[in-house]
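**Student:** here you go, sequence then predicted model.
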Amino acid sequence: MSLNVVTQIDPLIEIRNVLISVSDKSNLNLLVTQLLEINPKVTLYSTGGTFNAIREFLGNRAETRLKQVSAYTGQPETQGGLVKTLDFKIYLSILTETYNDEHQQDLARTGAVPFDMVVVNLYPFKQTISRPDVTVEQARGNIDIGGPCMIRASAKNFIRVASVVDPEDYSAILSEMRAGNGRISLDLRFRLAQKAFGHTAAYDRMIAEYLYSRTIDNVRECYPNNFPL
C-alpha cells in the first residue's frame, strides 16, 4: 500500500458534523448551544453520559440535531461502555480527506459523514491514581482506549478536522467560527493538533509511570480468587 500524499486542502473548514465524548463536561453547555447558534444545521454525535448531558441542554432541538454514536455506527455500546467508538465508520468519518475520490466513495458506500470537529477528553486516570487506596485493577479500568484513538486520528487529520481536547479552547473556537461564518482556519486546527498530541503523550506517560511504580504482587492482590493470599 502506497502512502497517500495530500496536495490540496481547504484553509477554512465549515463545521457541520461534530463528534463529542468527554469526561470533563466543563462549559459543554456553552459549546453545544453556541455551535448551533452559529450554524443551526450542525449535527452532534455523542455517547453515553455526554449524549445525555447534551440532550438536556438542547431540549426539543435534540430530536433533529443530536445523534447517538451507536445509532450512527449500527453497533450498540458494550457493557459498561467498554467499546463505544472503536468502529470503522467513526474513523472513516474522522480520517477522510476532502479531495480524495476513493475516500468520498467510501463515505457514500457506508452512509458516513465527515466529522469536522472531534471534542474528546479522557477518562480521569490521574484522579483515579491519586486516591491513596487505589488498586491496580481500578487504575486499569480507567485507562481510556477509544478516546486517545479519536484524538490522535482527528489531530493527524488537522488538514480537515479540529481536534479539541481542552474546554479552555471552546471560547477561542467559537469566536473564530462567529467571525468566519461558521468556519475554522488551518492555523487554529494546527494549534489544536499540537495540543492534542501533547495531551495523549502526557496521558500515556502517566499510565506508564503508574504501572512502573507497581509490582506484580500489587497486581496479584487484585485477584484473590486466582492468587490466594
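**Tutor:** Happy to help now that I have it. Keep in mind that what you see is a predicted model, and the values were worked out from it rather than measured.

**Student:** which secondary structure elements does the helix-or-strand element of the chain with minimal mean pLDDT contact?
**Tutor:** Ranking every helix and strand in the chain by mean pLDDT, DSSP states H and E puts helix 125-129 at the bottom, with a mean of 87. When contacts are defined as 3 or more Cβ pairs under 8 Å, 6 or more residues apart in numbering; DSSP states H and E, helix 125-129 sits against helix 136-141, helix 186-213. Using the backbone N, CA and C atoms, a C-beta is placed for each residue, glycine as well.

**Student:** would you mark the buried spots in it?
**Tutor:** For helix 125-129, a neighbour-count test (16 or more other Cβ atoms under 10 Å) marks 125, 128-129 as buried.

**Student:** now residue 185: how far from residue 149?
**Tutor:** 25 Å (Cβ to Cβ, to the nearest Å).

**Student:** sorry, back to before: can you check which of the helices and strands packed on helix 125-129 gets nearest to residue 117?
**Tutor:** Minimum separation from residue 117 across the helices and strands packed on helix 125-129 (Cβ to Cβ) falls at helix 186-213, 9.2 Å.

**Student:** would you tell me what the next helix or strand after the closest one is?
**Tutor:** helix 216-220 (DSSP states H and E).

**Student:** coming back round to it: relative to residue 46, which of the helices and strands packed on helix 125-129 is closest?
**Tutor:** Residue 46 lies closest, by Cβ to Cβ, to one member of the helices and strands packed on helix 125-129: helix 186-213, at 18.6 Å.

**Student:** what packs against the closest one?
**Tutor:** With contacts defined as 3+ Cβ pairs under 8 Å, 6+ apart, helix 186-213 has these neighbours: helix 125-129, helix 146-156, strand 162-164, helix 170-179.

**Student:** in the last one, which residues are buried?
**Tutor:** When neighbours are counted by 16+ other Cβ under 10 Å, the buried residues of helix 170-179 are found to be 170, 173-174, 176-177.

**Student:** I figured residue 72 hits residue 89, correct?
**Tutor:** Yes. Under the criterion of Cβ atoms under 8 Å, residue 72 makes contact with residue 89 at 6.9 Å.
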